[in-house]
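S.K.: Show me how the following folds:
(one chain, ligands or ions: 1)
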Amino acid sequence: MLTALRDQLCFFRQFRQRFETTGAVLPSSRFLARAMTRPLQSLSGPRRVLEVGPGTGAVTGRIVRLLRPDDRFDLVEINETFAQHLKDRFQADPHYRRCADQSQVHVCPLQDFACEAPYDAIISGLPFNNFPAELVESLVDRCLGLLKPGGTLSFFEYMYIRPARLLITRGPEGERLARIESILQDRFTRCRERRDWVFVNMPPAWVQHLRVR
Ligand SMILES: C[S@@+](CC[C@H](N)C(=O)[O-])C[C@H]1O[C@@H](n2cnc3c(N)ncnc32)[C@H](O)[C@@H]1O
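M.R.: Residues are numbered from 1 along each chain as shown. Purely as a prediction, here's the structure:
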């Protein structure tokens, strides 16, 4: 309870200080975390798992509970405050400590992450709607490129937010959103496996699961 409150405060402070990269007021709910980690549950090990944009660990907490001893878990976080928060948790929280030796927090943007080998599952919290369209394209394609054949990229988007903003936004901002929509729709057509609807989250969200063949 106290930990959840501390996480929310930390998250809200980062939302105010670094709105563009934080992209949300509150961390994801446990229902959203469960949907984001769905593909992980059906994979037989040993599994290589990457979390991009873990923030205060709303989804990380679920991932560490699902990890098996021979899995590998990398986390890539651009924000040093969030990264330190997670590093502390890997030392202090028993669920995290159990898998500390097989996990590593990398403090860098995904663009600069030097990956050693491809992943079976990538779970991303990146706030695509906040980024320039070219960056969204390169980040989504980077994630898809880091997957093994058959691997899954799971990421969330707040329900109807981009379509609604597209209806009321004109000019360069409207063009940016339209371009993001078109980039993502193209990847959905090519590789979407399923979409989960998560209503118990602030705000409600879709989880998009993309699989590379
Ligand atoms: C919407 S928050 C999601 C946090 C957490 N996964 C959750 O669901 O509560 C976005 C996260 O992505 C991180 N982030 C943004 N741009 C990034 C980038 N280029 N590379 C790595 N992390 C990034 C932010 O610092 C933040 O932790």
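
S.K.: what about D112, how many neighbours?
M.R.: D112 has 9 neighbouring residues, counting by other C-beta atoms under 10 Å. Yep, even glycine has a C-beta here, placed from its N, CA and C like the rest.

S.K.: again with the one 5 residues further on
M.R.: Per other C-beta under 10 Å, the neighbour tally for A117 reads 8.

S.K.: What sits closest to it if chain neighbours are left out?
M.R.: Closest residue to A117 apart from its sequence neighbours, by C-beta to C-beta, 6 or more residues apart in numbering: R48 at 6.5 Å.

S.K.: Looks like that neighbour contacts R68 (just checking).
M.R.: No: R48 is not in contact with R68 according to C-beta atoms under 8 Å; the separation is 11.9 Å.

S.K.: Of those two, give the one with the bigger neighbour count.
M.R.: Taking other C-beta under 10 Å, R48 and R68 do not tie; R48 has more neighbours (22 against 12).

S.K.: who does the more buried one bridge with?
M.R.: R72 (DSSP bridges).

S.K.: Output the contacting helices and strands for the biggest helix by length in the chain.
M.R.: Assignment by DSSP state H gives helix 171-191 as the longest helix of the chain. Using 3 or more C-beta pairs under 8 Å, 6 or more residues apart in numbering; DSSP states H and E as the contact test, the elements touching helix 171-191 are helix 133-145, helix 161-168, strand 205-211.

S.K.: Mean pLDDT lowest where, among these?
M.R.: Lowest mean pLDDT within these: helix 161-168, a mean of 94.

S.K.: packing partners for it?
M.R.: Using 3+ C-beta pairs under 8 Å, 6+ apart, helix 161-168 sits against helix 171-191.

S.K.: Check which residues of the helix it packs on are buried.
M.R.: If you call a residue buried by 16 or more other C-beta atoms under 10 Å, then helix 171-191 has these buried ones: R176, L177, I180, E181, I183, L184, R187, C191.

S.K.: Could you do stretch 100-116 as well?
M.R.: Q102, S103, V105, H106, P109, L110.

S.K.: For this protein, what lies in contact range of the ligand?
M.R.: Residues of the chain lying close to the ligand by C-beta under 6 Å from any ligand atom are 21-24, 27-28, 52-55, 58-59, 76-79, 82, 109-110, 125-127.

S.K.: hmm, 5 Å instead?
M.R.: 21, 23-24, 27-28, 53, 55, 58-59, 78-79, 82, 109-110, 125, 127 (C-beta under 5 Å from any ligand atom).
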